[in-house]
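K.L.:
below: sequence and its predicted model.
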Amino acid sequence: ARPSAAARGGGGGGGFSKKPARDLGAELVTSVEEGENGVPKSVTVSATDGRPEPTKEQMDATADAILNGKKVWLRSKARVKRKVAGGAYLTDFMSTSEGHLTMLGAGTTVTEVTDSSCDPSVRLYSLQAPAMKFPGLTLRPTSIMQITNDEGGARMEQIEAQIDGEPPKMVAALRLMTSDQTLSTDVKVKVGRDGDAELSSDLRLDVGMLLPKKFPAPVKLIEGLGAKLFSQALEKQANTFMDKLEVAYAKWALEQGEGDGAGGADAEAQ
């Protein structure tokens, strides 16, 4: 395959570190050279073995996005609230291993990877999430999630992420152009005098993308449409999250002898 390299002029010298090539959906391979300050200096784009060679336009657009691209932010969020009968012990449940697995339960595979040096209130998990379906696009994210508990609830935060899915070319392009991503969920519990709890869940997903300077669509249109689609997906995920958390808590409370629902909470309060 014919490689194509693009370089940014100026910027001085300095030691260079060369990143290993990445397999982007078995379509393209990029090699990025950076200076000591981490700023990309040159990009090489070529096809992987046995794959059709990318066009000059594709290679130039890829290099231009990394070296000179415009940053576009797709910011999405969703909030769900509900009242949980007998929810006085929700924060206790959310601090247990069972509670953590429930909060991460949307994932098809969950593995704890907590380091022994971590604070006792912090746990780390490897999570493979279910597919997120959009018109003409399916994404399957995998990530490392951190859960931090306190007396008012819990916070889940993504600290590493990778995206797979189909169609492969679109996913490869998305993965290549995505430069920043943050995902967090804040769960707050407020217990009333009646022993019931007000449960709220705030999900936020921010994705920063680099696009070529001559990208044909306006930035505001891309940001608006992306935020709308991701927010709709997050709202569905938030409702599913709350449903599973409420059901799992009721089962756990019953097993702990705290009763099922308001009756158990009232008996405890008396």
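P.N.:
Cool, got the structure.
K.L.:
in its sheet, what does the host helix or strand of Thr148 sit against?
P.N.:
When elements are assigned from DSSP states H and E, Thr148 belongs to strand 137-150. Here strand 137-150 has these sheet partners by DSSP bridges: strand 122-128 (antiparallel), strand 132-134 (antiparallel), strand 153-166 (antiparallel).
K.L.:
let me have those strands in a markdown table, extended by mean neighbour count, mean pLDDT and distance to Leu104.
P.N.:
Glycine gets a C-beta too; all of them are placed from N, C-alpha and C. Shown next, in a markdown table, are the strands paired with strand 137-150 (neighbours: other Cβ atoms under 10 Å; pLDDT from 0 to 100; distance: least, Cβ to Cβ, whole Å):
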| stretch | mean neighbour count | mean pLDDT | distance to Leu104 |
| --- | --- | --- | --- |
| strand 122-128 | 17 | 87 | 5 |
| strand 132-134 | 14 | 81 | 16 |
| strand 153-166 | 17 | 88 | 7 |
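K.L.:
out of those, which gets nearest to Glu57?
P.N.:
With Cβ to Cβ as the criterion, Glu57 lies closest to strand 153-166 of the strands paired with strand 137-150, at 23.0 Å.
K.L.:
circling back to that earlier point, which positions in the strand holding Thr148 come out as buried?
P.N.:
139-147, 149 (16 or more other Cβ atoms under 10 Å).
K.L.:
columns distance to Met242 and pLDDT on top of these, output as JSON lines?
P.N.:
Converted to JSON lines, those look like this (distance: Cβ to Cβ, whole Å; pLDDT from 0 to 100):
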{"residue": "Leu139", "distance to Met242": "22", "pLDDT": "85"}
{"residue": "Arg140", "distance to Met242": "23", "pLDDT": "83"}
{"residue": "Pro141", "distance to Met242": "20", "pLDDT": "78"}
{"residue": "Thr142", "distance to Met242": "23", "pLDDT": "82"}
{"residue": "Ser143", "distance to Met242": "20", "pLDDT": "84"}
{"residue": "Ile144", "distance to Met242": "23", "pLDDT": "87"}
{"residue": "Met145", "distance to Met242": "17", "pLDDT": "88"}
{"residue": "Gln146", "distance to Met242": "21", "pLDDT": "92"}
{"residue": "Ile147", "distance to Met242": "16", "pLDDT": "94"}
{"residue": "Asn149", "distance to Met242": "18", "pLDDT": "94"}
